[in-house]
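Engineer: For reference, the sequence and a predicted model appear below.
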Amino acid sequence: MSIFPTKILLATDGSADAMLANETAADLANTTNSELHVVTVAPGALDPTYRIESFVRYEDALKEVEEEARRILNEQVKKIEEAGGKVAEAHLRRGRREDEIVKLAEEIGAGLIVMGSRGLGGVRRALMGSVSDFVVRHAHCPVMIVRR
């Protein structure tokens, strides 16, 4: 039995802070011969952090958000593969980011979740919470938070 996970879930939002997590997850998957799964979560109807300001129709807004999330996901997969990594599966989800990451990790049987940290300050984190904090507290498996 290996101490290394057989499946790694990389949660990414395409931000600059997530790039180091992408590299870390790809390297770890390659060196441990683990499957690498990548997820991007589009804000859903219940996500309070998403504001619809510049869209006329709700359906159009959701479509636009999902298309942007799909673009981000495809871009991240391409960057991982260009760097020599191999992505077993790319997942696009909609909803609250933290909930969807935890659910997907359980569904695929991930042995490790890798994600970046935006490094929110103490006051902002206390008021808003953070996706990485939630995932660490609720995931069924270890979580690696990658910081610069």
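Structural biologist: Everything's here; your move. Residues are numbered from 1 along each chain as shown.
Engineer: Buried ones in whichever helix or strand Ile101 is part of, by neighbour count?
Structural biologist: Ile101 belongs to helix 97-108 when assigned by DSSP states H and E. Buried residues in helix 97-108, counting neighbours by 16 or more other CB atoms under 10 Å, are found at 97-102, 104-105, 108. Where you see a C-beta, it was placed from the backbone N, CA and C, and this is true even at glycine.
Engineer: Specify which member of those is nearest to Cys141.
Structural biologist: Nearest to Cys141 among those, counting by CB to CB, is Ala105 at 6.2 Å.
Engineer: Would you confirm that that closest one contacts Ile113?
Structural biologist: Yes. Contact criterion CB atoms under 8 Å: Ala105 and Ile113 qualify, at 5.3 Å.
Engineer: got a pLDDT number for the nearest residue to Leu10 once chain neighbours are set aside?
Structural biologist: Nearest non-adjacent residue to Leu10, counting by CB to CB, 6 or more residues apart in numbering: Ala25, 4.0 Å away. Here the pLDDT value assigned to Ala25 is 95.
Engineer: again, but for Glu100
Structural biologist: So Glu100 comes in at 96 (pLDDT).
Engineer: so which helix or strand takes in the residue nearest to Leu10?
Structural biologist: helix 16-32.
Engineer: Please spell out which residues along whichever helix or strand comes after that helix are buried.
Structural biologist: Per DSSP H and E, the first helix or strand lying C-terminal to helix 16-32 is strand 35-42. When burial is assessed from 16+ other CB under 10 Å, strand 35-42 yields the following buried residues: 35-42.
Engineer: Ok, stretch 19-34 next?
Structural biologist: For stretch 19-34, a neighbour-count test (16+ other CB under 10 Å) marks 19, 21-22, 24-26, 28-29, 34 as buried.
Engineer: Let me have those in CSV, adding distance to Ile3 as columns.
Structural biologist: What follows is the buried residues of stretch 19-34, written out as CSV (distance: CB to CB, whole Å):
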residue, distance to Ile3
Met19, 27
Ala21, 21
Asn22, 23
Thr24, 17
Ala25, 17
Ala26, 20
Leu28, 13
Ala29, 15
Ser34, 12
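Engineer: Contacts only, for Glu23.
Structural biologist: Applying CB atoms under 8 Å, 6 or more residues apart in numbering, we find Glu23 in contact with Ala83.
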